[in-house]
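Visitor: Generate coordinates for the sequence data below:
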Amino acid sequence: MVQGDTRGMHASEGTAGFLTDRDARDYAEVIGWAAAQSWCTGAVGVNGVSYLCMSQWRVAALRPPGLKAIVAWEGASDLLREFAYHGGIPETGFLPVWWKNRMLRGSHRGATMGEDFLIDARTHPLDDAYWQAKRPDLAAIDVPALVAAGWADHGLHTRGTLLAYEALRGPKWHYIHGGRKWETYYRAESLELQRQFLDHFLKGSANGFQRRPTVTYQVRRSREAYQTRTATDWPPPSQQHRTLYLDAASMSLIAHSPTHPSSTTYASSRRRRRTDRATPRAPWSDSTVTTASLMMPRRKDGCAPPIANSILSGPDPTGRFRLMLARSPSSAASVPASTSKSGPVQPCSKQVLNSSSRSSATTTGNGACPTGASSTTG
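Guide: Predicted coordinates:
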């Protein structure tokens with residue numbers, strides 16, 4: 001096993017960067033070096049979670065000599081939409097803490113960071129050349145891949161891992177679980193899955209891994225209650241797409257546009273206790289939060305949660321609204337002012353909406369239309 005420190009981090013000297021092209025080239029050089037060693041068969045695999053997965057997307061796209069397989073376990077693939085601006089909303093909770101405690105403290109003593117991601121992210125609020133340079137060429141990855149995604153990591157890795165799997169061009173297997181990423185990664189059954197995959201593609205072991213279902217995924221009622229199902233592809237071929245409309249009067253998603261406006265409101269305010277970054281609280285005073293419980297039609301394979309709640313807050317002085325879709329375990333559940341990824345009500349999606357002089361609003365994020373949301377049923 002080889003563990004390499006990125007340039008400028010930990011024991012490596014130099015100027016550190018954040019998922020740069022130079023980092024990817026350094027990574028590829030290490031893989032080539034390892035493959036050429038006398039103690040190596042020439043077949044190298046890479047494995048890791050979170051940042052260690054995000055860096056895999058970039059190096060695997062370079063197709064370095066000796067790289068024969070990747071275990072990509074939960075890694076964002078679009079830093080704009082999944083890391084810095086969730087649905088257009090600036091990430092202000094996790095990102096500053098992570099940058100300070102992981103990146104800055106992890107840099108080599110005496111070395112400097114070649115960039116300040118916090119400043120750069122705020123300087124580039126829209127998709128431009130900066131973000132394009134941070135985006136891996138997923139379609140160029142053709143080595144066998146074991147890709148794991150988690151339903152419980154919506155605020156960071158879920159979207160990017162699912163979309164990355166779809167973009168890969170080589171032999172690939174998908175494992176989608178409902179637990180915490182590091183905890184699930186180190187479970188005995190997960191380690192055995194990784195071992196079988198790597199043994200097959202690095203050692204040529206005839207262990208039957210290639211006969212495993214292409215996709216294995218959990219359909220959750222909660223973190224502890226779920227069903228494990230398989231599919232031949234992702235998204236499952238049995239999925240059906242429907243256009244649904246939010247109706248606050250019936251507290252549901254309906255198949256036709258509502259004929260009469262309706263709403264339910266409560267006064268939003270900050271709580272003294274610390275809340276999750278998904279909390280739909282607004283930086284303005286005297287704002288209201290509108291909620292509606294969404295009865296999500298079930299897909300044939302029952303993949304998505306049957307109940308959800310939407311939370312709309314605003315507008316602020318600039319005319320912006322915030323919209324969050326949160327999962328709820330029962331139709332009778334209410335939506336609290338604060339939600340947690342691990343609590344009974346879990347955020348599925350967040351958006352920023354711009355009000356307009358027209359009758360409808362437009363999104364600044366990448367997702368729902370408030371007057372007619374296109375959704376995969378389930």
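Visitor: Where do the domain boundaries of the protein fall?
Guide: For the chain, automatic domain parsing gives the domain ranges 21-231, 241-376.
Visitor: Among those domains, show the one with the smallest mean pLDDT.
Guide: Mean pLDDT is lowest for domain 241-376 out of the domains of the chain, coming in at a mean of 51.
Visitor: Would you give the sheet partners of whichever helix or strand Arg242 is part of, along with the direction of each?
Guide: Using DSSP states H and E, the element containing Arg242 is strand 241-247. Strand 241-247 pairs in its sheet with strand 252-254 (antiparallel), strand 373-376 (antiparallel), by DSSP bridges.
Visitor: Quick one: neighbours of Gly114, just the number.
Guide: Using other C-beta atoms under 10 Å, Gly114 is surrounded by 15 other residues. Glycine gets a C-beta too; all of them are placed from N, C-alpha and C.
Visitor: Quick check: Thr228 touching Pro213?
Guide: No: assessed by C-beta atoms under 8 Å, Thr228 is found out of contact with Pro213, at 10.2 Å.
Visitor: who are the neighbours in contact with Arg7?
Guide: Residues near Arg7 by C-beta atoms under 8 Å, 6 or more residues apart in numbering: Glu13, Gly14, Thr15, Ala16, Gly17, Arg22, Asp23, Asp26.
Visitor: quick one: pLDDT of it?
Guide: For Arg7, the model assigns a pLDDT of 90.
Visitor: Helix, strand or coil: sort out it for me.
Guide: Secondary structure state of Arg7, per DSSP: H, G, I helix; E, B strand; the rest coil, is coil.
Visitor: Show me the helices in the stretch 51-200 of the chain, by range?
Guide: 51-60, 79, 94-98, 105-106, 117-123, 129-134, 158-167, 181-185, 188-198 (DSSP state H, counting those that start in this stretch).
Visitor: Which of those sits closest to Gly42?
Guide: helix 188-198 (14.6 Å; C-beta to C-beta).
Visitor: residues of that closest one that come out buried?
Guide: Ser190, Leu193, Gln194, Gln196, Phe197, Leu198 (16 or more other C-beta atoms under 10 Å).
Visitor: can you check stretch 104-120 too?
Guide: Ser107, His108, Ala111, Met113, Phe117, Leu118.
Visitor: same thing with stretch 171-178?
Guide: So, applying 16+ other C-beta under 10 Å, buried residues of stretch 171-178: Lys172, Trp173, His174, Tyr175, Ile176, His177, Gly178.
Visitor: so which of those comes closest to Leu202?
Guide: Nearest member of the buried residues of stretch 171-178 to Leu202, counting by C-beta to C-beta, is Trp173, at 14.9 Å.
Visitor: Hmm, Phe197 and that closest one touching each other?
Guide: Yes: using C-beta under 8 Å, Trp173 is in contact with Phe197, at 7.1 Å.
Visitor: what sits in contact with each of the two?
Guide: Common neighbours of Trp173 and Phe197 (C-beta under 8 Å, 6+ apart) are Leu146.
Visitor: on that earlier part again, point out the most buried one among the helices of the stretch 51-200 of the chain.
Guide: helix 51-60 (a mean of 23; mean count of other C-beta atoms under 10 Å).
Visitor: Met113 reaches Lys100, doesn't it?
Guide: No: contact criterion C-beta under 8 Å: Met113 and Lys100 do not qualify, at 11.3 Å.
Visitor: between the two, what contacts are shared?
Guide: Common neighbours of Met113 and Lys100 (C-beta under 8 Å, 6+ apart) do not exist.
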